[in-house]
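Asks: output the structure for:
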Amino acid sequence: MNKVFAHLAMFLLCLSILVPVAQADILVSELCDPHVDYLTDRYIEIYNSGSATVDLTGWQLVALGNTNIIFTWNLSGTIAPGEALVAGDQTTADVFPVDFPDESWSSSNSTWNGKVGDGVRLKNGSGVVVDDIEVAGTDFENKSMVRNEGVTSPSLSYNSAEWTATAVETPSEATPGTHHMVVPDGPVIGSIITVPAVPEAGETVHVQAVVTDSGANITTVTLNWGIYSTALVNPIAMTNTGGDTYMTTTPIPGQDASTTVYYRVTATNDTPATTVSGLEAYAFSGGYIPPGYYNTAEGLIGEPLRGALHDIIDNHSSISYTGLWSAFYTTDDKPNGKVWDMYSDVPGGTPPYEYTFGTDQGGSAGSEGSGYNREHSWPSSWYGATSPMYTDVFIVYPTDNEVNNKRGSYPFGEVNSPTWTSLNGCRLGPCAYPGYSGTVFEPIDEYKGDFARAYFYMSTRYFEEDGGWPGSGMTSGSQLLPWAEAMLLEWNEDDPVSLKEIERNEAVYAIQSNRNPFIDRPDFVVKVFQPELSPVPYQGVLASIILHQNVPNPFNPSTTISYELESPGQVELQVFDLAGRLVRTLYRGSEAAGMHEKVWMGKDKAGRAVATGVYFYRLHAGDEVETRRMLLAK
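Replies: The predicted structure follows:
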């Protein structure tokens, strides 16, 4: 009898080995071997495709390199239905979630490089292998290999048809901690226009949009507007006016001629899912932009937009150098009829001197107040003093002889320790703005935006027409150097378009038949020069956000960026350089409500240390985008 019981016990033991314990649908969902920082940033992800929470006590992930066991993670805690958990190193170069960190992983995975014999085994709490992946080729070298969405059960043999591999530089370009997250499709928003198409100062404006949804019912359409692109605090409901067209129920109030109105349209369906349009804007021109003038530029950003604007404002009617004197009578006349010299004027105050057209024309330098001349705000030596640049009225201004002489061909910049100061406060001295240390000229704050937009015009009007231009410490051909572009973007933001500029734009248009698009349409500035920071349509869960200033700032070599979410949702945190180019994605995925922190180590997406200078970091959550500036100082 004892022998019978012994055989029965042995049979039951064998059965427990041969028949796997209930797997609870836990499977390996991703293996990632990034191209850069691979030793620290390689990771393995598991996923619960079942309907019950599973206790991971006793479970193990066993990494295979060249068919050999090279490392084991002892798992713990639980994994909820639909949850993905990541095993990796304790210290990573990129920032991404690691639920099972072990500092020894980076020193053990030199042979785990996505080639033949590499992979992982998942063992359950009884030590039974429930999922076995061992690749037969170079399947995930420098790639993230993700299990396909339709695969919901583990397997004891590797099947390449179950996986999709994608090349990645860093884990931020993969999906650690997020397996097949599906964001429902929201409505499609298109054909956004203002009514009237070209609003005048003080005129109320309706916004009309075409909103469609082939898979669900549209429940709400709303417009949010404001006079700052980062504060669209005024909501207006939009109602269906027939077909797929929606219009604001009440108009946006009229604004002064110097004001730009920014807005977005938000549409929600009954899935529910939400779509938010890109940032739209219109400026009250105070003049008259010809109908359809910018039609070929609408909907574009970056270099395509710059090219379209160039084609619109190219081939202007050039005037003679002598003709500039006559042009100033209409382009640069103050309300009192005097010459509008930005190097001597004191907005809101009494200027040290004023000039009369014709009478004070010409003269020589020596002291301020001796007369006015024709200053090439973009110095003529930077482009070889050739036409048509030499008489382009958008970059030539009447200025005091002495101040013009002091400015010379120095770049614009910001000065902390001036060697000379004009009577209205313009300063000459070493540049204090990061990226350049040579001598610069700084106009007063009230006119910095004017010069910034003149330079944006120059970079666009002569885009790809600058062969042979000598350049300067501020420019390369017709294009701004990164430090200069960053500074002028700040000037543009701090000193928005004024009525003076609007009227000057109209006067120049009457003379040379082209316009400065950055005066007509201030939204073009970000869309051309910072396309990566220009909001784009985004679908996801709405979340109110607060993006804090990084600490420390300035920093070297690392800094911490913190942000708050009012509700859970999908977020993306990215770093950009001065030209708006993506440097590194610090995080992309879902976040819970509350405070979060991410660390940037001062490296680009290839793992290389970046140069000293100014960088932007942008948080995108739901329909909200916030951007801040930081300084890496070495």
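
Asks: for the stretch 51-200 of the chain, just list every one of the strands.
Replies: For the stretch 51-200 of the chain, the strands defined by DSSP state E, counting those that start in this stretch cover 54-55, 60-65, 68-74, 78-79, 84-88, 100-101, 119-123, 129-134, 143-147, 163-167, 188-195.

Asks: now tabulate these in TSV and tack on mean pLDDT, mean neighbour count and distance to Leu305.
Replies: From N, CA and C alone the C-beta is placed, and that goes for glycine too. Listed next are the strands of the stretch 51-200 of the chain as TSV, based on pLDDT from 0 to 100; neighbours: other Cβ atoms under 10 Å; distance: least, Cβ to Cβ, whole Å:
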stretch	mean pLDDT	mean neighbour count	distance to Leu305
strand 54-55	92	17	51
strand 60-65	95	20	48
strand 68-74	95	15	49
strand 78-79	91	17	47
strand 84-88	94	24	39
strand 100-101	94	18	44
strand 119-123	95	21	46
strand 129-134	93	20	46
strand 143-147	90	23	33
strand 163-167	85	16	29
strand 188-195	85	16	17
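
Asks: which stretches of the stretch 151-300 of the chain have low pLDDT?
Replies: Applying pLDDT under 70 to the stretch 151-300 of the chain flags the ranges 180-185, 198, 229-230, 257-258, 283-288.

Asks: average pLDDT across stretch 507-523?
Replies: What stretch 507-523 shows for mean pLDDT is 92.

Asks: buried sites along it?
Replies: Using 16 or more other Cβ atoms under 10 Å as the test for burial, stretch 507-523 gives 507-509, 511-512, 514-523.

Asks: which residues touch whichever strand or helix holds Val221?
Replies: In the assignment (DSSP states H and E), Val221 maps to strand 218-226. Here strand 218-226 makes contact (Cβ atoms under 8 Å, 6 or more residues apart in numbering) with 187, 207, 209, 211, 232-240, 246, 248, 252, 261-270, 272.

Asks: picking up where we left off before, so which of the strands of the stretch 51-200 of the chain gets nearest Pro552?
Replies: strand 100-101 (25.4 Å; Cβ to Cβ).

Asks: check which helices and strands whichever strand or helix holds Lys527 is in contact with.
Replies: Using DSSP H and E, Lys527 maps to helix 523-529. For helix 523-529, the packing partners by 3 or more Cβ pairs under 8 Å, 6 or more residues apart in numbering; DSSP states H and E come out as helix 302-313, helix 448-461, helix 482-494, helix 517-520.

Asks: and stretch 308-318, how far out from the chain middle?
Replies: Stretch 308-318 sits 28 Å away from the centroid of its parent chain (Cα atoms, centre = their mean, to the nearest Å).

Asks: how long is that stretch end to end?
Replies: 21 Å (Cα to Cα, to the nearest Å).

Asks: quick one: buried residues of it?
Replies: In stretch 308-318, counting by 16+ other Cβ under 10 Å, buried: 308-310, 312-313, 316.

Asks: still on that earlier bit, Asp94: which of the helices and strands packed on helix 523-529 is closest?
Replies: Shortest distance between Asp94 and these, using Cβ to Cβ, is found for helix 482-494: 24.4 Å.

Asks: quick one: which of the buried residues of stretch 507-523 is nearest to Ser387?
Replies: Once Cβ to Cβ is applied, the member of the buried residues of stretch 507-523 that ends up nearest Ser387 is Gln512, at 12.2 Å.

Asks: before we move on, the earlier item: quick check: ChimeraX command selecting the buried ones in the contacts of strand 218-226.
Replies: Those of the contacts of strand 218-226 that count as buried under 16+ other Cβ under 10 Å are selected in ChimeraX with:
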select :187,207,209,211,232,236,238,246,248,252,261,262,263,264,265,266,267,268,269
